[in-house]
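Peer 1: okay, sequence plus prediction incoming.
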Amino acid sequence: MIKGKKVVSLKVAPIKFNVILVIGLLLFFGSFTLIKVYALESENDILRNELNYERFDDGNFPNVYIKLVYEKYNIFFSGYYLDENNNYVVCLTENAPTELTDILTNESIQFIKVTYSYAQLKEVFKIISLNIKEYNFISISLNFKSNKVEITVIDDSIDLSRIKTYIDLGIVSVSIGEEFTAY
């Protein structure tokens, strides 16, 4: 005891101290885990929003006939691209009706027949993109001209067994490329 001052002594049994310590540590480290979980959920929400973005929803098409194909014959639509002569080429699934191909032919719009619709390509793109960190891909994209989801990997050591079915079906192609570093 210091002269004129009382010393307060807190007596806690060792078992109570250990319980309080464990609870305190659990709360402390648990809060970091919750922060990490919320950060991952936020990152996943951003990715989901990006994946739900519909490329063609803005209605900006290079001409009225491509827009018609997208809006009226959507199940046969698989995108479009510019060829080497700067002509638009519309991609249609193999089962596109003659009525549709006749409209494009009469308007001098080129088209090619492809296997997969835009909806099918986009669905595979979404499935793979939601797990992109697990795969460690450099990039993933839709290529309308090749009618594939294209994936670029750093080297051939990456395990692609989980997407082998898509590769075997021909809807996914994999190439080896260099890692991109932004400066």
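Peer 2: On my side now, so go ahead.
Peer 1: okay, CA-based contacts and neighbour counts for the rest of this
Peer 2: Fine.
Peer 1: can you give the contact residues for stretch 141-151?
Peer 2: 78-81, 91, 114-116, 121-122, 124-125, 137-140, 170-175 (CA atoms under 8 Å, 6 or more residues apart in numbering).
Peer 1: go with 7 Å
Peer 2: Stretch 141-151 has contacts (CA atoms under 7 Å, 6 or more residues apart in numbering) with 78-81, 114, 116, 121, 125, 137, 139-140, 171-175.
Peer 1: now the helices: where do they sit in this protein?
Peer 2: Taking DSSP state H, the helices of the chain run over residues 14-52, 64-72, 98-106, 118-129, 132-135, 164-169.
Peer 1: of the contacts of stretch 141-151, closest to I158?
Peer 2: Nearest to I158, judged by CA to CA, of the contacts of stretch 141-151 is F137 at 8.5 Å.
Peer 1: find the nearest non-adjacent residue to that closest one, please.
Peer 2: Leaving out its chain neighbours, the residue that sits closest to F137 by CA to CA, 6 or more residues apart in numbering is V153, at 4.8 Å.
Peer 1: so how far is K126 from the one you found?
Peer 2: With distances taken as CA to CA, to the nearest Å, V153 is found 17 Å from K126.
Peer 1: okay, now the domains of this structure?
Peer 2: By the assignment in automatic domain parsing, the chain contains the domains 14-53, 64-114, 119-176.
Peer 1: make TSV out of the ones you listed and add mean neighbour count and mean pLDDT.
Peer 2: Shown next, in TSV, are the domains of the chain (neighbours: other CA atoms under 10 Å; pLDDT from 0 to 100):
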stretch	mean neighbour count	mean pLDDT
domain 14-53	12	58
domain 64-114	16	94
domain 119-176	16	87
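Peer 1: so the closest residue to K122 other than its chain neighbours bridges to which residues?
Peer 2: In space, and not counting its chain neighbours, K122 is closest to L142: 7.6 Å by CA to CA, 6+ apart. Using DSSP bridges, the beta-bridge partners of L142 come out as V149.
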